[in-house]
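Colleague: okay, sequence plus prediction incoming.
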Amino acid sequence: MRFLIVDESGDFRRELAQMLRARWPQAQMDEWDPRQRGNPAGTLAREAYDMVLLDLHPAGQDGIEWVAQMRAERMAPPVILVADQGDTHVAIQAMKAGAADFLRRTGLTSERLARAIEEALREHEAHRQESSGTPSGFARTIPLEVLKSGAPVKESAGQIPGYRTLRMIGQGGMAQVYLAERIHDGIQLVLKVLDPELRRDATFLQRFVREYKLIAGVENEHVAHIFDQGFSGDQPYIAMEYLSGGTLAARIQEGMSSLAALRLTSQIAKALDAIHAHGIVHRDLKPQNIMFRQNGRPVIVDFGLAKDVDSSAHLTRQGEVMATPRYMSPEQCLGLGADARSDLYSLGVIFYEMLTGRRLWGDEGPAELLHLHVHGDIPRLPERLAGYQTIVDRLLAKRPEDRFQSARELFATIAV
């Protein structure tokens with residue numbers, strides 16, 4: 001690894017270099033004083049740097065313009081901006097200029113810096129593969145160390161003809177989820193098998209079967225690919241791709257920068273636009289239902305509660321709360337119709353979590369959460385994140401008409 005650190009403060013350059021050596025002890029650190037040497041854009045191609053760390057105001061200049069100039073160079077490496085402060089406008093402009101991330105000096109640690117760099121390198125490699133025509137990994141399964149995933153399978157649980165069940169990796173309200181291997185070609189994938197207690201319940205069975213029908217026709221890199229769906233005796237199942245990058249819930253727990261949160265929100269908005277264009281409302285968007293491919297791209301999963309807006313079918317019982325209360329929109333809490341703007345409210349709750357690392361309204365119970373979604377004031381972000389308040393306010397507006405009116409509008413506002 002070779003890093004270029006561009007900052008007029010020699011002390012801060014050395015501090016960053018020390019942080020980087022904590023993760024990459026053998027890496028080469030090149031320091032660059034912009035007061036003496038100006039913009040390093042012209043040197044990037046011949047020096048073959050893996051990453052540039054750049055001050056937002058190098059020698060009093062506009063670092064965002066420098067990012068654009070660097071990224072215009074052939075074979076340019078990712079650039080991470082480091083700033084004393086900044087707001088939504090700065091973060092969005094940095095992202096549009098091509099910055100891989102936007103970090104604040106205050107509170108920056110070796111761990112947070114390393115995570116930002118690793119994410120930036122994954123995203124950079126994904127873009128490189130796409131531009132060169134190399135497959136990005138969409139609809140491709142990833143081999144993994146089986147014994148490190150989930151728990152052993154009990155007896156014959158989850159056994160489906162044509163598949164070898166390896167491990168149990170999840171269990172939800174409707175189904176068990178297994179890591180499995182397709183026998184005829186050895187591909188590893190995920191089997192989602194309807195819970196035995198629910199197989200004779202017509203409502204749950206229809207909901208499970210409809211999940212496959214809703215998403216089978218959505219070919220998009222941000223939506224999980226479905227290989228097969230069927231019945232084995234009285235066991236309905238769905239076979240889908242295995243996503244090796246873990247969940248958004250885990251990434252939130254690790255902590256992320258505000259620009260990483262903004263970029264992920266724009267990518268999730270793009271994914272929502274894809275499913276909304278097919279007339280599908282997810283209705284249970286939450287960090288556990290957003291996973292990542294090996295290349296770092298987010299993928300929406302678990303459409304068990306999704307609704308086809310063109311369908312007249314009603315697959316919930318009176319008084320039944322099926323979605324996750326922490327992420328439900330006000331209209332869902334009131335039992336009213338939920339359109340695409342309901343998913344945007346749920347995304348607003350997730351965005352708040354990504355920014356702050358805290359759950360909206362803390363540890364309140366389900367009943368209190370439903371009340372707060374309908375009647376509670378929208379929480380204020382901490383001062384260091386105040387620039388993002390306008391986006392949070394629009395996403396978490398109580399009335400659907402006061403929110404972004406589509407995922408496409410949100411994406412256009414904050415995306416590259």
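Modeller: It's in.

Colleague: residue 81 belongs to a helix?
Modeller: No. Using DSSP: H, G, I helix; E, B strand; the rest coil, the assignment for residue 81 is strand, not a helix.

Colleague: next, the buried residues of stretch 3-13.
Modeller: Judged by neighbour count using 16 or more other Cβ atoms under 10 Å, the buried positions of stretch 3-13 are 3-8, 12-13. Backbone N, C-alpha and C define where each C-beta goes, glycine included.

Colleague: now, which of these sits nearest residue 65?
Modeller: residue 6 (13.3 Å; Cβ to Cβ).

Colleague: ok so, going back, just the buried residues of stretch 3-13: which are in strands?
Modeller: 3-6 (DSSP state E).

Colleague: hmm, residue 274 is touching residue 223, no?
Modeller: Yes. Applying Cβ atoms under 8 Å, one finds residue 274 in contact with residue 223, separated by 6.2 Å.

Colleague: so for this structure, the centremost residue is which one?
Modeller: Compute the mean C-alpha point of the chain, and by Cα atoms, centre = their mean the closest residue is residue 298, 4.2 Å away.

Colleague: so how far is residue 162 from it?
Modeller: 30 Å (Cβ to Cβ, to the nearest Å).

Colleague: and residue 192, by the same measure?
Modeller: From residue 192 to residue 162 the distance is 15 Å (Cβ to Cβ).

Colleague: who has more neighbours, those two?
Modeller: Remark: of residue 192 and residue 162, residue 192 carries more neighbours, 25 against 12, as counted by other Cβ atoms under 10 Å.

Colleague: quick check: that one vs residue 399, distance?
Modeller: According to Cβ to Cβ, residue 192 and residue 399 sit 35 Å apart.

Colleague: repeat that for residue 30.
Modeller: Where residue 399 is concerned, residue 30 sits at a distance of 53 Å (Cβ to Cβ).

Colleague: state the mean pLDDT of stretch 166-173.
Modeller: Mean per-residue pLDDT for stretch 166-173: 76.

Colleague: dump the C-alpha coordinates for it into CSV.
Modeller: Extracted in CSV, the C-alpha atoms of stretch 166-173 (Å, rounded to 0.1, in the frame of the first residue of the first chain):
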residue,chain,number,x,y,z
LEU,A,166,-24.9,-26.8,5.4
ARG,A,167,-25.7,-24.4,8.2
MET,A,168,-28.6,-22.4,9.7
ILE,A,169,-27.7,-18.8,9.3
GLY,A,170,-30.9,-17.0,10.3
GLN,A,171,-34.5,-17.2,11.6
GLY,A,172,-37.3,-14.7,11.2
GLY,A,173,-40.9,-14.5,11.9
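
Colleague: any buried residues in it, and which?
Modeller: 166-170.

Colleague: out of those residues, list just those in strands.
Modeller: Those of those mapping onto strands are 166-170, per DSSP E.

Colleague: now do the same end-to-end measure for stretch 282-295.
Modeller: End-to-end distance for stretch 282-295: 24 Å, by Cα to Cα, to the nearest Å.

Colleague: distance from the chain centre to that stretch, please.
Modeller: Relative to its chain's centre, stretch 282-295 lies at 6 Å (Cα atoms, centre = their mean, to the nearest Å).

Colleague: how is this protein divided into domains?
Modeller: Per the record, the chain has its domains at 2-132, 146-241, 248-414, by automatic domain parsing.

Colleague: kindly report which one of those carries the lowest mean pLDDT.
Modeller: For these, the stretch scoring lowest in mean pLDDT is domain 146-241; its value is a mean of 75.

Colleague: distance of residue 69 from residue 44?
Modeller: In this view, residue 69 and residue 44 are 10 Å apart by Cβ to Cβ.

Colleague: compare neighbour counts for those two and give me the winner.
Modeller: residue 44 (20 against 17).

Colleague: contacts for the helix or strand containing that one next, please.
Modeller: Applying DSSP states H and E as the criterion places residue 44 in helix 44-47. With Cβ atoms under 8 Å, 6 or more residues apart in numbering as the test, helix 44-47 has contacts from 2, 4, 30, 52, 70, 73-77.

Colleague: distance from the next helix or strand after it to the middle of the chain?
Modeller: Using DSSP H and E, the helix or strand that follows helix 44-47 in sequence is strand 51-55. Centre-to-centre, strand 51-55 and its host chain are 24 Å apart (Cα atoms, centre = their mean).

Colleague: so what does the next helix or strand after strand 51-55 touch, helix or strand wise?
Modeller: Using DSSP H and E, the next helix or strand after strand 51-55 towards the C-terminus is helix 63-71. The elements that helix 63-71 packs onto, with contact taken as 3 or more Cβ pairs under 8 Å, 6 or more residues apart in numbering; DSSP states H and E, are strand 51-55, strand 79-83, helix 88-97.

Colleague: where do the helices sit along the stretch 101-250 of the chain?
Modeller: For the stretch 101-250 of the chain, the helices defined by DSSP state H, counting those that start in this stretch cover 110-132, 202-215, 248-254.

Colleague: now do the helices in the stretch 301-416 of the chain.
Modeller: Using DSSP H, counting those that start in this stretch, the helices found in the stretch 301-416 of the chain span residues 330-333, 340-356, 366-375, 389-395, 407-414.

Colleague: and those helices, which is most packed in?
Modeller: helix 340-356 (a mean of 24; mean count of other Cβ atoms under 10 Å).

Colleague: extract the C-alpha trace of it and format it as CSV.
Modeller: Extracted in CSV, the C-alpha atoms of helix 340-356 (Å, rounded to 0.1, in the frame of the first residue of the first chain):
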residue,chain,number,x,y,z
ALA,A,340,-43.4,4.2,-1.8
ARG,A,341,-43.1,7.2,0.5
SER,A,342,-43.5,4.8,3.5
ASP,A,343,-40.2,3.1,2.5
LEU,A,344,-38.6,6.5,2.4
TYR,A,345,-39.6,7.2,6.0
SER,A,346,-38.1,3.8,7.0
LEU,A,347,-34.9,4.9,5.1
GLY,A,348,-34.9,8.1,7.1
VAL,A,349,-34.9,6.1,10.4
ILE,A,350,-32.0,4.1,9.0
PHE,A,351,-30.1,7.2,7.9
TYR,A,352,-30.5,8.7,11.4
GLU,A,353,-28.9,5.5,12.8
MET,A,354,-26.1,5.5,10.3
LEU,A,355,-25.2,9.1,11.1
THR,A,356,-25.4,9.0,14.9
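
Colleague: starting at the chain centroid, how far to that helix?
Modeller: 12 Å.

Colleague: again, but for stretch 272-292
Modeller: Centre-to-centre, stretch 272-292 and its host chain are 11 Å apart (Cα atoms, centre = their mean).
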